[in-house]
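# Would you be able to build a 3D model of this:
(2 chains)
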Amino acid sequence: MMPSVTTVLQQLRRSLAIARKDIRIYYSKGPVVIFGLLFPVFLFLSFLIGRHLTVDFMMPGLLGMILFFTATAISPIVVPWETMGRTLERLMSCPVANGTIILGDILASFIFGLVISLVPIIITLALGVAISSPAILALAIILGAFCFASLGNLFSIPPTNLPATANMIASVIKFPLVFISGVFISLDELPAWGQAIAYISPLTYFTDIARHCIAGQGHIPAAIDILALLAFSVVFLTLDIRLHSRTMPRRI
Amino acid sequence: MPGEESNRNLAIKVNDLTKRYGQIVAVDHISFAVKRGELFGFLGPNGAGKTTTIRMLTGVIGLDEGSASILGYKAGSLKAKQATGVLPEMANAYPDLSGWNNLMFTAELYGVPVRKAREKGAELLQAVGLFSRKDDLVSAYSKGMKQRLILCMALISEPQVLFLDEPTSGLDVQSARLINDMLRSLNASGKTIFLTTHDMDEANQLCQRVAIINQGKIVAMDAPEKLKLTTSGMHSVEVSFSGPVSLEALAKLPGVNAVKTLGDKYRLYTAEPGELAASLVNYSYSSGLRIVSLNTLAPTLEDAFVALTEREVK
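Modelled structure (predicted):
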């Protein structure tokens, strides 16, 4: 039976309450600060130093890296943390659907990604690089943050109560994605097989559309980038809700 | 229809409820009903299926067979959850949030309007003696304070039905007494309370009816006083003498079923406590001893519980 509009709106409000709770609790947690903020900056710098890259090539990559790492920093650890802290059972007994809990956790990561993405944007503008399509870039950042936050939530599906385990699973998947997504090497320079692999990564589409908006050119048509980010978001969110609904009772 | 009418008076209805974990049947086709406004105790030894039952009723885990409803709504549905407050066993409030923020967060999850949540929150925290500590992080609370806060979280939405899983387990006497007093007054105000506990005295003092679950099955369900009557041979006489006596001699007195030493006292189990008391007086004369104290005791709920769960194991 389809839920009524009132029920949907009520559950959305409760998702926002869960997101606010996550923001209060998890933004200052060690793994979030380390994997969400420090790591992408240092990783990017280690690849940048000694290479002669133009600023308009470099900044979309930095933006993509930071958005990807920040938006996937909180969502993998919240559910294991709730399990470990014995707060999950109380939360699950409240009048919220499992999907509401999951969406709340994703929204906290999404907001974290959005806010931190302002840093590379400000750096880009401070370096005198013009953003040719700010509205499209804003849309891409919103879609990208949601997509990556939903991807991050997938990493906590195995019913572990250890945030470190979820972070390990996340790292195993996140790092290869960074290297195949055109962050450090333009898609044009990749061989055909490399490009084929790049297309399976949602980060590829975000980096590409950021290049459209900042450098004025990308490898894939901008509309395809947007549609791909949208499609990835829908798939990840659907998987998050379905798979977490199965594993969540096993955490209790 | 008469059936529908009686269903309307029920707060909780459980039919053939079953939960399996692999080969283990944690809850085995149990059925019971709790009337609106009733304080119902759910007792059982560790691993008997109490917590699994409460988790199915509160929608935290799914059920494998049977059905359960809360105020006519399917257990686990949003409507059933909206009408209930839950204090799970071993649950925690968020340690990185203040007591007040934990309470307001719960109110948001139940859709309680902000002004009402603040008024009710302040009233509840005052009632449990936590108002002055409301802005402290929960990580700084003692176990008793945390449990009192979680009870407030369960009550913030003014639910009609309360599920409490071992609410006083491991608490200091003051916190346990405060919680039990609150439960009495909540029940007096018409709330239905489903309570699991290990504390037989607590169940005896609080509950109008209790069910005893063992190995996933309900072995008895009745008012505590009626359950005590099921252990007819469990009356006892507690006696202490001015000097040592032999256990064998006490066991040989007429009508004695069993003898236990309790510190400097002896407890003799019998079906005829009056006659045994007279025999003990005669025994003291013939042994040249003085009786220091003598009390006849009716069977306790604990005696009934032990008898019923042991009978089931045998």
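
# Please make it C-alpha for all contacts and neighbour counts, starting now.
Will do.

# In which helix or strand does B:His108 reside?
Quick fix: residue B:108 is Glu, not His. Assigned by DSSP states H and E, B:Glu108 belongs to helix B:99-109.

# next helix or strand past that helix?
As assigned by DSSP H and E, the chain's next helix or strand after helix B:99-109 is helix B:114-127.

# what's the average pLDDT for that following helix?
What helix B:114-127 shows for mean pLDDT is 97.

# and that helix, does that touch chain A?
No - Helix B:114-127 stays clear of chain A (CA under 8 Å from any CA of the partner chain), getting no nearer than 12.3 Å.

# just to revisit the earlier point, any buried residues in the helix holding B:Glu108, and which?
Residues of helix B:99-109 classed as buried by neighbour count (16 or more other CA atoms under 10 Å in any protein chain shown): B:99-109.

# How about stretch A:70-90?
Residues of stretch A:70-90 classed as buried by neighbour count (16+ other CA under 10 Å): A:70-84, A:86-90.

# what about it, how long is it end to end?
This stretch, stretch A:70-90, spans 28 Å end to end (CA to CA, to the nearest Å).

# How far off centre is it?
Distance of stretch A:70-90 from its chain centroid, counting by CA atoms, centre = their mean, to the nearest Å, is 16 Å.

# Would it count as contacting chain B?
Yes - for stretch A:70-90, a contact with chain B is found by CA under 8 Å from any CA, at A:85-87, A:89-90.

# Tell me the one of the residues you listed nearest B:Leu289?
Closest approach to B:Leu289 among those (CA to CA): A:Arg86, at 58.0 Å.

# ok, B:Arg209 - how many residues close by?
When neighbours are defined as other CA atoms under 10 Å in any protein chain shown, B:Arg209 has 20 of them.

# Do I have it right that it meets B:Phe40?
Yes - between B:Arg209 and B:Phe40 there is a contact at 5.2 Å, judged by CA atoms under 8 Å.

# thinking again about what came up before, tell me the angle the helix holding B:Glu108 makes with helix B:114-127.
For helix B:99-109 against helix B:114-127, the angle by axes from the mean of the first three to the mean of the last three CA atoms, to 10 degrees is 140 degrees.

# quick one: average pLDDT of helix B:99-109?
pLDDT averaged over helix B:99-109 gives 97.

# Residue 46 sits in which helix or strand?
Answering for chain A, as no chain was given. Using DSSP H and E, A:Ser46 falls in helix A:39-48.

# ah, no, chain B please
B:Asn46 belongs to no helix or strand when elements are defined using DSSP H and E.

# gap between it and B:Glu166?
From B:Asn46 over to B:Glu166 the distance is 11 Å, taken as CA to CA.

# Please say which of these two ends up with more neighbours.
Neighbours were tallied for B:Asn46 and for B:Glu166 using other CA under 10 Å; the higher tally belongs to B:Glu166 (20 against 11).

# Now the more buried one: phi and psi?
Main-chain torsions, B:Glu166, degrees, to the nearest 10: phi 50, psi 60.

# what's the distance between the closest residue to it other than its chain neighbours and chain A?
What sits nearest to B:Glu166 in space, not counting adjacent residues and going by CA to CA, 6 or more residues apart in numbering or on different chains, is B:Thr197, at 4.7 Å. Applying CA to the nearest CA, to the nearest Å, the value for B:Thr197 to chain A is 18 Å.
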